[in-house]
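Peer 1: A structural model of the following input is requested.
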Amino acid sequence: MASLQADLRCRWPPCVAVATTSYGSSGRSSDRCHLTPSRRWSLQAFISCRLGYCNSMFYGITDGLMSRLQSVQNAAARLVSGARRYDHITPVLQELHWLPVRRRVDFKMATLVYLSLSGMAPPYLAADCQLVSDEGRRQLRSANSRTCVV
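Peer 2: Numbering: from 1, shown residues only. Here you go, the predicted structure:
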């Protein structure tokens, strides 16, 4: 059974490989799959694409759901880098140039707000993002600070 699990971990698509890293793995170096550089790059691109897709929808979700997403990213980072389960994950994420999930979401939201305010976003996004100075008729103290109402 152990050889079957190791075989599946090495040959199946990356999404299954990430899911199987937390099941039945003892963390021994003989248990881990050694990825070729091409597989490592494709896995890294796949994970970045999946975590980046519609991640602005994750803005405001509960901490429990955010930690589940972070654990998926951590498992993928360990698989790509070959780090062990109990190694610190922050240096691994820095080495891969991956932002933690919450920071990815914050960055995506900041990018969307910037694009909306500068006129480079689609009209349906720009209509939902207005400056405070444009919002009311009264002159507010915060009118010069480029505070945004979403």
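Peer 1: which SS state does Leu65 fall under?
Peer 2: helix (DSSP: H, G, I helix; E, B strand; the rest coil).
Peer 1: do you know how far it is from Val92?
Peer 2: 22 Å (CB to CB, to the nearest Å). Every C-beta, even on glycine, is put in place using the N, C-alpha and C of the backbone.
Peer 1: Helices of this protein, start to end?
Peer 2: For the chain, the helices defined by DSSP state H cover 2-11, 14-20, 37-52, 63-81, 90-96, 101-117, 123-126, 132-135.
Peer 1: In JSON lines: those helices, plus mean neighbour count.
Peer 2: Below are the helices of the chain laid out as JSON lines (neighbours: other CB atoms under 10 Å):
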{"stretch": "helix 2-11", "mean neighbour count": "12"}
{"stretch": "helix 14-20", "mean neighbour count": "17"}
{"stretch": "helix 37-52", "mean neighbour count": "15"}
{"stretch": "helix 63-81", "mean neighbour count": "17"}
{"stretch": "helix 90-96", "mean neighbour count": "14"}
{"stretch": "helix 101-117", "mean neighbour count": "16"}
{"stretch": "helix 123-126", "mean neighbour count": "12"}
{"stretch": "helix 132-135", "mean neighbour count": "13"}
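Peer 1: Could you dump those helices into JSON lines with mean pLDDT added?
Peer 2: Converted to JSON lines, these look like this (pLDDT from 0 to 100):
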{"stretch": "helix 2-11", "mean pLDDT": "42"}
{"stretch": "helix 14-20", "mean pLDDT": "42"}
{"stretch": "helix 37-52", "mean pLDDT": "83"}
{"stretch": "helix 63-81", "mean pLDDT": "92"}
{"stretch": "helix 90-96", "mean pLDDT": "94"}
{"stretch": "helix 101-117", "mean pLDDT": "90"}
{"stretch": "helix 123-126", "mean pLDDT": "85"}
{"stretch": "helix 132-135", "mean pLDDT": "59"}
